[in-house]
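S.K.: sequence first, then the predicted structure, then my questions.
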There are 2 protein chains.
Amino acid sequence: MGVARKTKSVSELLDVFGQTDNALSVVELVSKLDQHMNKTTVYRILDRLEDGGQLHSFIGKDGLKWYAKCQKCSSSHHTDLHPHFQCRDCGKSECLNVDISIPSVANHRIDSAELLLVGSCQDCLNQ
Amino acid sequence: MGVARKTKSVSELLDVFGQTDNALSVVELVSKLDQHMNKTTVYRILDRLEDGGQLHSFIGKDGLKWYAKCQKCSSSHHTDLHPHFQCRDCGKSECLNVDISIPSVANHRIDSAELLLVGSCQDCLNQ
DNA sequence: ACTACTTTCGCAACTGAGTTGCAATAAAGA
DNA sequence: TCTTTATTGCAACTCAGTTGCGAAAGTAGT
Ligand SMILES: [Mn+2]
Ligand SMILES: [Mn+2]
Ligand SMILES: [Zn+2]
Ligand SMILES: [Zn+2]
């Protein structure tokens, strides 16, 4: 049911997301917030924020979980279908504001789709 | 550099892939081959077969690694870009023979793409 | 078939992301 | 302030995947 109580830990985590438009890996978040909260807490808050429609998640190229802010999602209903980009050089991930077309597949019901593009980001190309 | 020696373990693993057109998760393979070879061996052979262009891999919706036979890939060069489907109900994954369009992204170089569709497979819909 | 060379394998120990159970803590409302 | 209950910290756990190394088994040459 999302976040029910705005605790100090929830605010701190939201602050981190407020400071960037990039996606953030859980590993990165746990490490960055190490002095402020337990890693279990990070996992649980991310879970609740996704459940509440404030964040969405995807699996990166190495199987690690990433989170990013939702833009157009109503609470507890993720609708904004967009691809993600992960840089092979620096590892960073971004949400892409690009429309994608999902192919229909005979005899299959498609409920969701994840498109992950891998390559080099702008920063890594310019150096 | 792919597989250099056709060992008993390599043959057994290829036999498993020869019996199905579906993708197989590493977890499943390790469990199925438990009496025949060590799990480290399974991981290493899969690695080599992918490197040699006989198999390709992708990350499933839960972050687990899956492998499937390559159709059009020359050895050590994976070219067949296609989406994968994973059933939310039974967990199985398949390669889809469907063309997908990869959007271009300004100021980014895209090297590869992974499209994962999630939903219900034919078997699970008919029951 | 024997030898030498090198790849491959088994094993056991390890790594690291993510989870669980439970007691302690702290929001939020009355 | 009191009560209720969501949330947190902690420690232990799970499990996919990796590593190092000595032993075993392909392979090519003789
Ligand atoms: Mn996104
Ligand atoms: Mn495939
Ligand atoms: Zn980069
Ligand atoms: Zn199914």
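M.R.: Sure thing, it's come through. Ligands and ions are numbered 1, 2, ... in the order given.

S.K.: parallel or antiparallel, list what pairs with the longest strand out of those in chain A.
M.R.: Longest strand of chain A, by residue count under DSSP state E: strand A:109-120. Its sheet considered, strand A:109-120 pairs with strand A:84-87 (parallel), strand B:109-120 (antiparallel) by DSSP bridges.

S.K.: out of these, which is the most enclosed?
M.R.: Among the strands paired with strand A:109-120, strand A:84-87 has the highest mean neighbour count (mean count of other C-beta atoms under 10 Å in any protein chain shown), at a mean of 22. The C-beta positions use only the backbone N, C-alpha and C, and glycine is treated the same way.

S.K.: does DNA strand C sit close to that strand?
M.R.: No. Judged by C-beta under 7 Å from any atom of the strand, strand A:84-87 stays clear of DNA strand C, getting no closer than 13.9 Å.

S.K.: could you spell out the sheet neighbours of the helix or strand just after that strand, each with its direction?
M.R.: Following strand A:84-87 in sequence order, the next helix or strand is strand A:93-95 (DSSP states H and E). Taking DSSP bridges as the criterion, strand A:93-95 sits next to strand A:84-87 (antiparallel) in its sheet.

S.K.: gap between the strand it pairs with and the chain center?
M.R.: 11 Å (C-alpha atoms, centre = their mean, to the nearest Å).

S.K.: ok, now stretch A:20-37?
M.R.: 11 Å.

S.K.: before we move on, what about stretch A:8-28?
M.R.: On C-alpha atoms, centre = their mean, the centre of stretch A:8-28 falls 10 Å from that of its chain.

S.K.: just to revisit the earlier point, can I get the strands paired with strand A:109-120 in TSV with distance to ligand 1 and mean pLDDT?
M.R.: TSV is the format used below for the strands paired with strand A:109-120 (distance: least, C-beta to the ion, whole Å; pLDDT from 0 to 100):
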stretch	distance to ligand 1	mean pLDDT
strand A:84-87	5	98
strand B:109-120	14	98
